[in-house]
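Undergrad: Give me a model of this one.
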Amino acid sequence: MPATIDPVALYLETFERLRARKRWSTDSDTIRFVALALGAAGADVDYDHLEKVAAGLRQRARWSSPLKSEIRYVVAAMIMRRGLEPADVHARVFETRDSFRSHGLPSRGTGPTLAALLLALRSGGRTVPPRQIERLAGIYRRWRADHFWLTNADDLPAAALHAGRDTAVEVLTADVERAYERLRGSGFRRGNPLQLVSHLLAVDPRGVEAAVGRFARIAERLRDAGVRVWPSRYDETAVLSLTEETPGQVVRRVLGYRDRVRAAKPRPSKDLAFSLAAGIALAEDCARAGRAHAGDLIALQAIRDVLDAQQAAMAGAVAAGAAASSSGSC
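TA: As a prediction, the model looks like this:
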């Protein structure tokens, strides 16, 4: 985006415009993620269009599909940002999940659906090349072999992130494993969040060692600024480590964005505001990289896709929790 555009102001404008028209039953946090997923395209999207695309996703979804939940709004935003035909993308998602099944991969639930979505978006709504599905299957099996107790269907979107890359599966999985071990050796807590970080850092064009080093330094700067780097914040820290700014600069930027997002009413929690700020910073860097660093743009955009998938899953969890709370109070 041009340097004169304020990315936080653009995000808040999109959020408020969509929130003002949303259904009373749609959670405001879902709309926060929608505004983030739309990015710079948000200025051209009205709520009626969003609702129409989301309704179409729900209508075409099978009864057990996560697209029956509020996830459909974030997925609709992901499709709209790319200017694709929703029916084509949805058809490719079904088709791709069927291919997962033929490769012995999990094919139902949020993880497989979002992995299929990422592949379908990358293919522009056309049939996903068989080689990418075969590659995804190979990556997933290697991850299962390396971390059997940690790897499950929720890791399929991260495998989809790497499915379109040219790096050999053996080299990629070795990079991921090396990143995980280096992070553990630096004192970060083992588990699923750290495994996701290793998946994300493996796309850094500067190499795994540089990415792990930046992750550790940015985590340290966040702690110095009074931010607790819990495992739940590992993924945002990984995103920040993929920027080109110094650790101090990127931490100052994301905390400034966090405070501005949190100052706008209705106020999100501090944790949610931090996650949104990291996404806004990533979107800003995608635009900047597009002008000067094509390789960085590819890496950053791929990471953004995974974050979109995570945000969609989180939106569904928020809606499910709200429904359970309402049901229990009757």
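Undergrad: hmm, who's touching stretch 124-133?
TA: 82, 84-85, 88-89, 92, 95-96, 99-100, 103, 116, 119-120, 122-123, 163-164 (C-beta atoms under 8 Å, 6 or more residues apart in numbering). C-beta: built from backbone N, CA, C; applies to glycine.
Undergrad: Flag the shaky bits of the stretch 151-300 of the chain, pLDDT-wise.
TA: Applying pLDDT under 70 to the stretch 151-300 of the chain flags the ranges 289-300.
Undergrad: Can you list which of the contacts of stretch 124-133 are found in helices?
TA: Counting by DSSP state H, these place 88-89, 92, 95-96, 99-100, 116, 119-120, 122, 163 in helices.
Undergrad: Okay, helices next: where are they in the stretch 201-330 of the chain?
TA: For the stretch 201-330 of the chain, the helices defined by DSSP state H, counting those that start in this stretch cover 208-224, 234-241, 247-263, 270-292, 294-328.
Undergrad: if we can go back for a sec, mind giving me the PyMOL command for buried ones among the contacts of stretch 124-133?
TA: The PyMOL selection below is limited to those of these classed as buried (16 or more other C-beta atoms under 10 Å):
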select buried, resi 84+88+89+92+96+99+100+116+119+120+122+123+163+164
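Undergrad: show me the contacts for the residue nearest to residue 69 when sequence neighbours are not counted.
TA: Take residue 69 and drop its neighbours on the chain: the residue closest to it by C-beta to C-beta, 6 or more residues apart in numbering is residue 316, 4.3 Å away. Under the criterion of C-beta under 8 Å, 6+ apart, the contact list for residue 316 reads 66, 69-71, 110.
Undergrad: can you check residue 75 too?
TA: Neighbours of residue 75 in contact, by C-beta under 8 Å, 6+ apart: 54, 57, 67, 117, 312.
Undergrad: Can I get the residues you listed in JSON lines including neighbour count?
TA: Listed next are those as JSON lines, based on neighbours: other C-beta atoms under 10 Å:
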{"residue": "54", "neighbour count": "25"}
{"residue": "57", "neighbour count": "23"}
{"residue": "67", "neighbour count": "25"}
{"residue": "117", "neighbour count": "27"}
{"residue": "312", "neighbour count": "31"}
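Undergrad: tell me the least confident of the residues you listed?
TA: Lowest in pLDDT among the contacts of residue 75 is residue 312, which has 73.
Undergrad: and the closest residue to residue 98 other than its chain neighbours, how many neighbours does it have?
TA: Ranked by C-beta to C-beta, 6+ apart and with sequence neighbours excluded, the top spatial neighbour of residue 98 is residue 107, at 7.2 Å. Neighbour count for residue 107, taken as other C-beta atoms under 10 Å: 20.
Undergrad: Residue 254 now?
TA: By other C-beta under 10 Å, the residues close to residue 254 number 27.
Undergrad: Done for today, thanks.
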